[in-house]
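Fold the following.
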Amino acid sequence: MLSKKNLSDMDVVLGYVFYLMANRAKANDDEKQYIEYLGMALKHHSIHAAQTFLHNLMVKKSSDKTKEMQMMAAVLYNWKNLAARYAGIFAIS
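Here you go, the predicted structure:
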C-alpha cells in the first residue's frame, strides 16, 4: 500500500497509458490528440510526459521565451517532488 504522499497505482498506470496514447497520436501526425493525451498524462503526474513536455519547450521555436521559461521553471520546481513520489512506488519495504 502506498502512503498518501506517493502516487496511487491508478495515477501511475493512467499517466503512462495516456503518455503512450500521446506517442501513438504523434506517430499518426494527429497534433490535436497528441496535445490532449499529453495533457491528460501530465494531470496523472506522468514523469515521462513531464520529460517530453520539457523537451518540447526546449526545442520549440517561439518569440515568447518568457512564457516558455516560466513553464519550464514550474515543471522543474515540481520535478523533485514528482521524482520522490515515483521513488516511493518502487521502494522496497
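
Tyr37: neighbour count?
Other residues lying near Tyr37 total 22 when counted by other CB atoms under 10 Å. C-beta coordinates here come from the backbone N, C-alpha and C atoms, glycine included.

That one sits in which helix or strand?
helix 31-43 (DSSP states H and E).

Quick one: list the elements packing against the helix or strand following that helix.
Per DSSP H and E, helix 31-43 leads on to helix 47-59 as the next helix or strand towards the C-terminus. Helices and strands touching helix 47-59, by 3 or more CB pairs under 8 Å, 6 or more residues apart in numbering; DSSP states H and E, are helix 9-27, helix 31-43, helix 65-90.

May I have stretch 12-31 as PDB, with CA atoms only?
Output in PDB follows, covering the C-alpha atoms of stretch 12-31 (Å, rounded to 0.1, in the frame of the first residue of the first chain):
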ATOM      1  CA  VAL A  12       1.000   5.600 -12.400                       C
ATOM      2  CA  VAL A  13      -0.900   3.400 -14.900                       C
ATOM      3  CA  LEU A  14      -3.200   6.100 -16.300                       C
ATOM      4  CA  GLY A  15      -0.300   8.500 -16.600                       C
ATOM      5  CA  TYR A  16       1.800   6.000 -18.600                       C
ATOM      6  CA  VAL A  17      -1.200   4.900 -20.700                       C
ATOM      7  CA  PHE A  18      -2.000   8.500 -21.700                       C
ATOM      8  CA  TYR A  19       1.700   9.000 -22.400                       C
ATOM      9  CA  LEU A  20       1.700   6.000 -24.800                       C
ATOM     10  CA  MET A  21      -1.500   7.200 -26.400                       C
ATOM     11  CA  ALA A  22       0.100  10.600 -27.000                       C
ATOM     12  CA  ASN A  23       3.100   9.000 -28.700                       C
ATOM     13  CA  ARG A  24       0.800   7.000 -30.900                       C
ATOM     14  CA  ALA A  25      -1.100  10.200 -31.900                       C
ATOM     15  CA  LYS A  26       2.200  11.900 -32.600                       C
ATOM     16  CA  ALA A  27       3.300   9.000 -34.800                       C
ATOM     17  CA  ASN A  28      -0.100   9.300 -36.700                       C
ATOM     18  CA  ASP A  29       0.500  13.100 -37.200                       C
ATOM     19  CA  ASP A  30      -2.500  14.000 -35.000                       C
ATOM     20  CA  GLU A  31      -1.200  17.000 -33.200                       C
END
